[in-house]
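Engineer: Provided below for reference: sequence and predicted model.
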Amino acid sequence: MADLFKEIIPSILQTKEYALLTEQDEKSYSAFMVNRALSYHRDTVLWANEVNRYPNLDNKLKYDFLLNIVRAQKRPYSKWHKKAQSSDLSVVKEYYGYSDAKAEEALKILSPSQITAMEKQLYKGD
C-alpha cells in the first residue's frame, strides 16, 4: 500500500515514479489530502484547484494528471496550518458537551464572566 506522505506526494512533486501500483493503492489515495499538500506551494496550487473542479473523476485519473502536469523540483517543506484552539472553546465544549462548531457559536453569546463561572465549576483541583 502506497503511503501518502512518503510515496504519493513526493512522486508528484519530485521523483515522478509511479506510486499507484495496485488497486489498494488507488483506493487509499486521498485527493483531499494530496490537494491540500499541493496547495502550500505557489506553483502547484492552481493544479490542485483544477483537480478540485472535477470531484467525480477516478483517483487514478487525478493522480495521473498531477503526476504528469506538475514539474519535478525540490520544494521547501511547509508546515500544515492548524486552527488554534482557545482555552475558552475547550471550557464551553466540556461544560455543554458541544462540538467545535457549536462551541464557537456559543462563545459568540457568552460573556467572559459566564466562561469564568464555567471554569470554576469544571475545576477539578491540582
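Structural biologist: That came in fine, so what should we check first? None of these values were measured; they are calculated from a predicted model.

Engineer: Would you mind writing the CA trace of the lowest-mean-pLDDT helix or strand in the chain as PDB?
Structural biologist: Using mean pLDDT, DSSP states H and E, helix 23-28 stands out as the lowest-scoring helix or strand of the chain, at a mean of 86. Only the C-alpha atoms of helix 23-28 are listed here, as PDB (Å, rounded to 0.1, in the frame of the first residue of the first chain):
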ATOM      1  CA  GLU A  23      -6.000  -1.300  -6.800                       C
ATOM      2  CA  GLN A  24      -5.500  -1.000  -3.000                       C
ATOM      3  CA  ASP A  25      -3.200   2.000  -3.600                       C
ATOM      4  CA  GLU A  26      -5.800   3.600  -5.700                       C
ATOM      5  CA  LYS A  27      -8.500   3.200  -3.100                       C
ATOM      6  CA  SER A  28      -6.200   4.600  -0.300                       C
END
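
Engineer: Return the set of buried residues in the helix or strand just after that helix.
Structural biologist: The helix or strand immediately downstream of helix 23-28 is helix 31-38, counting by DSSP states H and E. Neighbour-count burial for helix 31-38, with 16 or more other C-beta atoms under 10 Å as criterion, is recorded at 31, 34-35, 37-38. Glycine gets a C-beta too; all of them are placed from N, C-alpha and C.

Engineer: With stretch 91-110 instead?
Structural biologist: 91-93, 95, 98, 103, 106-107, 110.

Engineer: just stretch 118-126 next, same as before
Structural biologist: Within stretch 118-126, the residues that count as buried by 16+ other C-beta under 10 Å are residue 118.

Engineer: Make 56 the first number, not 1, from now on.
Structural biologist: Let's use 56 as the start, then, which means that last one is stretch 173-181.

Engineer: Residues contacting that stretch, please?
Structural biologist: Stretch 173-181 has contacts (C-beta atoms under 8 Å, 6 or more residues apart in numbering) with 146-147, 149-150.

Engineer: swap in stretch 133-143?
Structural biologist: Residues from elsewhere that reach stretch 133-143 (C-beta under 8 Å, 6+ apart): 91, 95-96, 155, 162, 170.

Engineer: what's the answer for stretch 117-129, then?
Structural biologist: 63, 66-71, 73-75, 81, 84, 86, 89, 93, 98-99, 102-103, 105-106, 109.

Engineer: Fine by me, we can end here.
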